[in-house]
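Peer 1: Predicted model follows, preceded by the sequence.
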Amino acid sequence: MKFKQILQNSVLPFALFAGALSLLGCDQVSAPASYTEKPDQQDVAEEQTAVSENTEVQQSSADLKSGNMFYIIRDVADLQLKAGDYVTQLKQTQTELETAVSEKDTSQLQSAAMQLQQQLKGFNQTLSGLNLKSQEVDQVRSNLMNANQQALASPFLNGQMDFSQVDFQKLEKQMGNIQSEMIKLAAMMIPEKQSQAAEQES
């Protein structure tokens, strides 16, 4: 499978989710309880930061729901909204990689490798910052981040620029794993569409 096919196929499923953006909710994190004592301002700031971070971690696990189509649609749309740009960026980088390999251009290959590395890191950072509510999409996020990490561990993205030694097939397989997880997101929407179609026919 070529990089170009992988990344082009990933754009279409996400385009279907644009209509679901209106379902996005704004979840507010509760403010930590006020202190009875009045410690130094620096201590207060540090403690409030710790409480806020702990609250977010607890919410990320405790609030996850299973089988709730509202949360699934919300999470898929949120992921597309915040991470969709990386699909376009990866597509452009893939084109540059193909050109570099075709022309045996080490300089261009190195530049494309650096871009791909930055994009994968940014993709992971964005994924980790999502406030998901569904177990299904959270699992896909976890799989995506693992696939990204495997790609980032590739020798090609860590300074190996020898065309005779770079394992492009392995990197292509790792990128294919990312595409596979994205397709799972599209599949999650199918039960909802089937349910709507059944209601219209009845």
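Peer 2: Looks like it arrived, so ask away.

Peer 1: Please export the C-alpha coordinates of whichever strand or helix holds Q139 as CSV.
Peer 2: Assigned by DSSP states H and E, Q139 belongs to helix 135-152. The C-alpha trace of helix 135-152 is given here as CSV (Å, rounded to 0.1, in the frame of the first residue of the first chain):
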residue,chain,number,x,y,z
GLN,A,135,-14.8,4.2,25.6
GLU,A,136,-14.9,3.3,21.9
VAL,A,137,-13.2,6.4,20.7
ASP,A,138,-10.8,6.5,23.6
GLN,A,139,-9.6,3.0,22.6
VAL,A,140,-9.0,4.2,19.0
ARG,A,141,-7.1,7.2,20.4
SER,A,142,-4.9,4.9,22.4
ASN,A,143,-4.3,2.7,19.3
LEU,A,144,-3.5,5.7,17.2
MET,A,145,-1.0,7.0,19.7
ASN,A,146,0.7,3.6,19.9
ALA,A,147,0.9,3.5,16.1
ASN,A,148,2.4,7.0,16.0
GLN,A,149,5.0,6.0,18.6
GLN,A,150,6.0,3.0,16.5
ALA,A,151,6.4,5.2,13.5
LEU,A,152,8.4,7.7,15.5
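
Peer 1: and for it, what are the contacting residues?
Peer 2: 64-67, 71-72, 75-76, 79, 116-117, 120-121, 123-124, 127-128, 130, 132, 157, 171, 174-175, 177-178, 181-182, 184-185, 188 (CB atoms under 8 Å, 6 or more residues apart in numbering). Every residue, glycine included, has its C-beta placed from N, CA and C.

Peer 1: Which among the residues you listed count as buried?
Peer 2: Among the contacts of helix 135-152, those scoring as buried are 64, 71-72, 75-76, 79, 116-117, 120, 123-124, 127, 130, 132, 157, 171, 174-175, 177-178, 181-182, 184-185, 188 (criterion: 16 or more other CB atoms under 10 Å).

Peer 1: can you map out the helices along this structure?
Peer 2: All helices of the chain, identified by DSSP state H, fall at 3-15, 41-62, 69-103, 106-128, 135-152, 168-188, 190-201.

Peer 1: ok, N143 - how many residues close by?
Peer 2: 15 (other CB atoms under 10 Å).

Peer 1: distance of it from I190?
Peer 2: 19 Å (CB to CB, to the nearest Å).

Peer 1: how about low-confidence regions in this structure?
Peer 2: 1-63, 161, 163-167, 191-202 (pLDDT under 70).

Peer 1: One more pass at 90, please.
Peer 2: 1-69, 80-113, 144, 147-148, 150-202 (pLDDT under 90).

Peer 1: and L79, what does it touch?
Peer 2: 127, 130, 137, 141, 185.

Peer 1: do that again at 7 Å, thanks
Peer 2: By CB atoms under 7 Å, 6 or more residues apart in numbering, the residues touching L79 are 130, 137, 185.

Peer 1: ok, those residues vs G84, which is closest?
Peer 2: L185 (11.2 Å; CB to CB).

Peer 1: I figured the closest one hits V76, correct?
Peer 2: Yes: proximity of L185 to V76 meets the contact threshold set by CB atoms under 7 Å, at 5.1 Å.
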